[in-house]
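Colleague: how would this look folded up:
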Amino acid sequence: MAEIKIEKKKRVWPWIAVLLVIGAIIYYIYFVDHQVKSDNSVEIENTTSAE
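Modeller: Down below sits the predicted model:
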C-alpha cells in the first residue's frame, strides 16, 4: 500500500497579527507623524523702532 503523509496545517493568525502591526506602523508614520500642529504657533510683535 501507498503511504500517505499528512502535514499539519500552518497557523495563519501569527501572519495576520504581523500584518496588522506593520499596517499600524505605516499608518503612524504617514498619517499621524505628518500632521501640522497649529496650536504651537507664536506670533512675535516687533517692538523695536528703526529710527
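Colleague: can you map out the helices along this protein?
Modeller: Counting by DSSP state H, the chain has these helices, from start to end: 13-27.
Colleague: now the strands for it?
Modeller: Per DSSP state E, the chain carries no strands over any range.
Colleague: Flag the shaky bits of the chain, pLDDT-wise.
Modeller: For the chain, the stretches with pLDDT under 70 are 33-41, 49-51.
Colleague: Please tell me how far stretch 10-20 is from the chain's geometric centre.
Modeller: 18 Å (Cα atoms, centre = their mean, to the nearest Å).
Colleague: in it, what's buried?
Modeller: Residues of stretch 10-20 classed as buried by neighbour count (16 or more other Cβ atoms under 10 Å): none. No exception for glycine: its C-beta is placed from N, CA and C like everyone else's.
Colleague: As PDB, could you dump the C-alpha coordinates of it?
Modeller: Extracted in PDB, the C-alpha atoms of stretch 10-20 (Å, rounded to 0.1, in the frame of the first residue of the first chain):
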ATOM      1  CA  LYS A  10       0.200  26.000   9.200                       C
ATOM      2  CA  ARG A  11      -1.100  28.700  11.600                       C
ATOM      3  CA  VAL A  12      -2.400  31.800   9.900                       C
ATOM      4  CA  TRP A  13      -3.100  34.100  12.800                       C
ATOM      5  CA  PRO A  14       0.600  35.000  13.500                       C
ATOM      6  CA  TRP A  15       0.800  36.300   9.900                       C
ATOM      7  CA  ILE A  16      -2.400  38.300  10.400                       C
ATOM      8  CA  ALA A  17      -1.000  39.800  13.600                       C
ATOM      9  CA  VAL A  18       2.300  40.700  11.900                       C
ATOM     10  CA  LEU A  19       0.400  42.400   9.000                       C
ATOM     11  CA  LEU A  20      -1.800  44.300  11.500                       C
END
